[in-house]
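Student: missing the sequence, but the structure's below:
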């Protein structure tokens, strides 16, 4: 394992490209008030939930209301060789939305229509600005739901662009498995479609999956067709406390290895339980805990729950608390969903530097426990949550963003963790994406040859390098 | 829906490129007896299970025994601008293996080692020449299995290259969902790795899924890391006869819409049951039938089976026959697995022209029933089987390969079927790939813009157009 080839963690490479006034004029002529150059609007579109500050905002923001709007904005930007950064809710943790090479932001929040629901096919087609909660609200009456839940109420476009996943992925997969088809505006402003509504296909290169996870660097996603699922007949949630993180993790590993079709299994460490208790007054035991959810028929859920309860108690798990009504489940899941904000509020003014490693399930304890020790030794406050059923977990190191020393210590912890995950056959990012933050790690993980292949594809599909440039790999 | 833009069905475009003697000499020098130019060997590598005949064989065959062998063969071919066609068991149905632009074949059958089994992670890494049956044999003692079953005992490399699936895909997904990582020799002879053993990742472009389904046109797959699954505690198989194809299909649609996690649900029409009875002496009722399999805990399997039996009887299903022992299951599945060969043997000397459309589940009856009527009216003998749980089915029109008129009628039926599937939101190929046979349909399905994007990627990654050229799209 080599050291990361580029320290992009602390200060991203900023290389502002010229945004000619002629482009601004053309955008204003085409979009009127839907093109804004007000500083407050630009600043709002020039940041995200990452720890990066001090990147100048985009020169203008176009509020797109249709695919044609996006195509026209990209065409104009292309004519002037100006970068384009798609923007929806701004929940990226990795600096995806920062205008490191300048350019314009295309805000797709107004493209928020659910275009088609086909309950009889378990599919739905939405515009990119639809958020996951909005989607679930819109299809509630069909008895179906969209399971992918990254925590934040992210946009479907952003989730596709970063290959997001979250708590339900252990059973339902990630955006990789659940996007069936896309409409995309390419770097030249052309509109193409990828995929169909068929469940499977061998029809040529898998362009859908090339765009899923491409982080806006190959085109702007303007429509997404997704798989949706019948709301299970029975849903049951439980929390269980463990004497140690190790015990909780070893119980999880055993559940997964046995093939129990658990829908969610989330780790929350004792630090984080404490923060959540302080934030949301939940009165949970301040010990490492697993939050679990079981989906299926009543008999199936009971069977799964019994197996898991037995495994948990073999590992010292206690205080199993069950929730079967939606209200009780919501209360339990509040702990998980609020953990990020509870942690941020535990240290006023801080930013979280998030880790996102994911390893093969058998290596999860090896990867996690040494990293906990290192984090404890560093003195940096942190929270620790994990989609442990997938081998994926997040430390959030709570740093003062203006304290370079503190940030450097946190980034050092992350480097050690990533090196460990890679040596165990894992990845530097399970679900957040590379963005600015993990560019060096990507080379360590994939190798220079594979990253060069990504660059070659980028160069071929975006010869002017205008689509969210400077993300994933330097270019 | 336009007519297909290129009629590649009957006679593929043959554009033989020069294979200089200097290359043959260099291959002989590097590979000795592992490079053959014997006509019988070349001819064996110049055909597949498609209906195409009369394409000249490759100029030489290299029997690769290692990744280095593949890399060296590709490097030498690249130096002379000569096409390279990877070959394993030759079970392609779409002309993938035919040397339409000449070149050399790289046979990977000797790369048949299971390199690593990690039962604790539910992963395995194999060389590309390992077949699916060989893999399952190798991991039998671990209590795990690899579910993807396209019928033929195909190679894992070939299955990855065509994004294969088959009978278990309704529950376990396709090669798209089950390949975690690859080693690939690129067009320049470089060796790269894509993906990791982590269950999920957001680390850059999804090169793994770009190669899965790329049909040898972007590189040669030399290692495949796969997901494997615990052998279910209980497995139960059943056949059920129906009064009509429509009844069988409507029962299937309802099972899928209810979210029953059925592992297999295969349609076999009455024609095909008759052929299989004649071939394998099975004594099955010569009516349309569904073959089903249920995986899970004993209670879960029982529950699924009860629901399905109830749905089936609502649609007139009768004569449910159950099999719970491996021997009984094998007997039932013989009907499905032998259907292709039983059909071929029902008309000596014939070739099957296979269709492979896949549609959203609610449109399955619409797509299938009109096509049955058209096939019946044509007078061409055919078999009909389907992975109907996925909305995917295959007509096999049994034609005399030397009778152009008959082939034209069969291809006309396929064209009508594909047009219908596309108008219903489906795909021209659910699992066989495009190869030579569906190049025109791909343009109809994906649109010229998306196919151009595929071409752009191909040109960028294989600038000399040496990797299985002339497949998927003309180039």
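Tutor: Thanks, I have it. Values in this document were obtained by computation on a predicted structure and should not be read as measured data. Residues are numbered from 1 along each chain as shown, chains lettered A, B, ... in the order given.
Student: Only C-alpha atoms from now on, for both contacts and neighbour counts.
Tutor: Will do.
Student: Tell me the secondary structure at the nearest residue to residue A:35 once chain neighbours are set aside.
Tutor: In this structure, residue A:35 finds its nearest non-sequential neighbour in residue A:62, 4.4 Å apart by C-alpha to C-alpha, 6 or more residues apart in numbering or on different chains. Following DSSP: H, G, I helix; E, B strand; the rest coil, we place residue A:62 in the strand state.
Student: residues contacting residue A:62?
Tutor: A:27, A:31, A:34-36, A:73, A:104-107 (C-alpha atoms under 8 Å, 6 or more residues apart in numbering or on different chains).
Student: redo that, cut-off 6 Å
Tutor: Going by C-alpha atoms under 6 Å, 6 or more residues apart in numbering or on different chains, residue A:62 touches A:34-35, A:106-107.
Student: Buried subset of these as a PyMOL selection?
Tutor: In PyMOL, this line selects whichever of these come out buried by 16 or more other C-alpha atoms under 10 Å in any protein chain shown:
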select buried, chain A and resi 34+35+106+107
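Student: Just name the closest of the contacts of residue A:62 to residue B:23, please.
Tutor: residue A:106 (52.3 Å; C-alpha to C-alpha).
Student: circling back to that earlier point, from the contacts of residue A:62, which land in strands?
Tutor: Among those, DSSP state E puts A:35, A:106-107 in strands.
Student: rewinding a little: let me know the closest of the contacts of residue A:62 to residue A:335.
Tutor: Using C-alpha to C-alpha, the contacts of residue A:62 come closest to residue A:335 at residue A:107, 31.3 Å.
Student: Next, the contact list for that closest one, please.
Tutor: A:62-64, A:87-88.
Student: For PyMOL, write the select line for the buried members of these.
Tutor: To isolate the buried ones among the contacts of residue A:107 in PyMOL, judged by 16+ other C-alpha under 10 Å, type:
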select buried, chain A and resi 62+63+64+87+88
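Student: Would the helix of greatest length in chain A count as contacting chain B?
Tutor: Across chain A, the longest stretch assigned as helix under DSSP state H is helix A:404-423. No. For helix A:404-423, no contact with chain B is found by C-alpha under 6 Å from any C-alpha of the partner chain; the gap never falls below 8.7 Å.
Student: So what's the gap between that helix and the chain middle?
Tutor: 20 Å (C-alpha atoms, centre = their mean, to the nearest Å).
Student: Mind listing residues that contact that helix?
Tutor: residue A:428.
Student: what's the answer for stretch A:160-172, then?
Tutor: So stretch A:160-172 is in contact with A:148-150, A:174-175, A:212-215, A:263-264, A:387, A:389-390, A:431, A:433, B:202, going by C-alpha under 6 Å, 6+ apart.
Student: tell me the angle the next helix or strand after the longest helix of chain A makes with helix A:404-423.
Tutor: The C-terminal neighbour of helix A:404-423 among helices and strands, as given by DSSP states H and E, is helix A:439-446. Angular relation of helix A:439-446 and helix A:404-423 on a 0 to 180 degree scale: 10 degrees, by axes from the mean of the first three to the mean of the last three C-alpha atoms, to 10 degrees.
Student: What residues does the stretch 251-400 of chain A have near chain B?
Tutor: A:358-362.
Student: try 10 Å
Tutor: Proximity of the stretch 251-400 of chain A to chain B, by C-alpha under 10 Å from any C-alpha of the partner chain, involves residues A:253-254, A:256-261, A:296-297, A:299-301, A:303-304, A:356-363, A:389-392.
Student: Report the buried members of those.
Tutor: A:253-254, A:256-258, A:260-261, A:296-297, A:300-301, A:303-304, A:356-363, A:389-392.
Student: ranges for the helices of the stretch 301-450 of chain A?
Tutor: With helices called from DSSP state H, counting those that start in this stretch, the stretch 301-450 of chain A shows them at A:326-337, A:339-346, A:364-378, A:404-423, A:439-446, A:448-461.
Student: Among those helices, which comes closest to residue A:316?
Tutor: helix A:364-378 (16.0 Å).
Student: Tell me how many other residues crowd the residue in the stretch 351-475 of chain A positioned nearest to chain B.
Tutor: For the stretch 351-475 of chain A, the residue positioned closest to chain B under C-alpha to the nearest C-alpha is residue A:430, at a distance of 4.0 Å. Neighbourhood size, residue A:430 [other C-alpha atoms under 10 Å in any protein chain shown]: 30.
Student: How about the residues of the stretch 1-150 of chain A by chain B?
Tutor: Counting by C-alpha under 10 Å from any C-alpha, the residues of the stretch 1-150 of chain A near chain B are A:118-123.
Student: Quick check: the two most widely separated of those residues?
Tutor: Within those, A:120 and A:123 form the most distant pair, 7.9 Å apart (C-alpha to C-alpha).
Student: So these two - more neighbours on which side?
Tutor: The neighbour comparison of residue A:120 against residue A:123 (other C-alpha under 10 Å) goes to residue A:123, with 23 against 16.
Student: Nearest to chain B among the ones in strands among the contacts of residue A:62?
Tutor: Using C-alpha to the nearest C-alpha, these come closest to chain B at residue A:106, 21.8 Å.
Student: partners of the closest one in the sheet?
Tutor: residue A:62, residue A:86 (DSSP bridges).
Student: so it touches residue A:59, yeah?
Tutor: No. Contact criterion C-alpha atoms under 10 Å: residue A:106 and residue A:59 do not qualify, at 11.1 Å.
Student: so what sits against both of the two?
Tutor: Common neighbours of residue A:106 and residue A:59, using C-alpha atoms under 10 Å, 6 or more residues apart in numbering or on different chains, are residue A:45.
Student: Can you tell me which residue of the stretch 151-300 of chain A sits closest to chain B?
Tutor: Counting by C-alpha to the nearest C-alpha, the stretch 151-300 of chain A gets nearest chain B through residue A:201, at 4.0 Å.
Student: give me every residue that touches that residue.
Tutor: A:180, A:195, B:162-165, B:174, B:176, B:213, B:356-359, B:392, B:426-433.
Student: Now do the same contact list for residue A:233.
Tutor: Residue A:233 neighbours (C-alpha under 10 Å, 6+ apart): A:143, A:295-298, A:300-301.
Student: re the thing from before, skip the chain neighbours and tell me the closest residue to the residue of the stretch 351-475 of chain A closest to chain B.
Tutor: residue B:201 (4.0 Å).
Student: Which neighbours do residue A:120 and residue A:123 have in common?
Tutor: Contacts common to residue A:120 and residue A:123, judged by C-alpha under 10 Å, 6+ apart, are residue B:360.
Student: Spell out the residue ranges of the strands in the stretch 51-200 of chain A.
Tutor: A:60-63, A:84-87, A:104-107, A:114-118, A:123-126, A:144-145, A:179-186, A:191-195 (DSSP state E, counting those that start in this stretch).
Student: highest average neighbour count across these?
Tutor: Highest mean neighbour count of these: strand A:84-87, a mean of 28 (counted as mean count of other C-alpha atoms under 10 Å in any protein chain shown).
Student: helices or strands up against it?
Tutor: strand A:60-63, helix A:67-79, strand A:104-107, helix A:156-162, strand A:219-227 (3 or more C-alpha pairs under 10 Å, 6 or more residues apart in numbering or on different chains; DSSP states H and E).
Student: Redo the strands of the stretch 51-200 of chain A as a markdown table? Include mean pLDDT.
Tutor: Output for these, formatted as a markdown table (pLDDT from 0 to 100):
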| stretch | mean pLDDT |
| --- | --- |
| strand A:60-63 | 98 |
| strand A:84-87 | 98 |
| strand A:104-107 | 98 |
| strand A:114-118 | 98 |
| strand A:123-126 | 98 |
| strand A:144-145 | 96 |
| strand A:179-186 | 98 |
| strand A:191-195 | 98 |
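Student: Quick check: residue A:340 touching residue A:276?
Tutor: Yes. Counting by C-alpha under 10 Å, residue A:340 touches residue A:276, with 8.9 Å between them.
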